[in-house]
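Trainee: Quick one, what's the 3D model for this:
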Amino acid sequence: MSQKKVKECFFCVNQLEVDYKDVRTLRRFMNFYMKILPGKRTGTCAWHQRKLATAVKRARVMALVSSTHK
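Mentor: Numbers count the residues shown, from 1 in each chain. Here you go, the predicted structure:
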């Protein structure tokens, strides 16, 4: 049996901070319906996943990211 590849946190590897103004990066962690993808699927660590969720919610309030796909 082969071992599964361990996903590494995008923010830890690239030494980036989560920013609600960086819409391009936020979209990477959202699906077509503009829902936040779980950390298990994206590979983000728990600390950055919490920061990411807060950033997406702030971006939605400021209308940088839409709340729905339409």
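
Trainee: Give me the nearest residue to Phe11, chain neighbours excluded.
Mentor: The spatial neighbour of Phe11 that comes closest, neighbours along the chain excluded (Cβ to Cβ, 6 or more residues apart in numbering), is His48 at 4.4 Å. (Each C-beta comes from the backbone N, C-alpha and C, glycine too.)

Trainee: hang on, I meant Cys9
Mentor: Using Cβ to Cβ, 6+ apart and skipping the chain neighbours, the partner closest in space to Cys9 is Cys45 (4.2 Å).

Trainee: since we're on the one you found, how many residues are nearby?
Mentor: Using other Cβ atoms under 10 Å, Cys45 has 15 other residues around it.

Trainee: okay, now Tyr33: neighbour count?
Mentor: With other Cβ under 10 Å as criterion, Tyr33 counts 9.

Trainee: I should have written Leu26 there, sorry.
Mentor: Close neighbours of Leu26, defined as other Cβ under 10 Å, add up to 21.

Trainee: can you confirm it is in a strand?
Mentor: No: using DSSP: H, G, I helix; E, B strand; the rest coil, the assignment for Leu26 is helix, not a strand.

Trainee: tell me the contacts of it?
Mentor: By Cβ atoms under 8 Å, 6 or more residues apart in numbering, the contact list for Leu26 reads Tyr20, Leu52, Ala55, Val56, Ala59, Val65.
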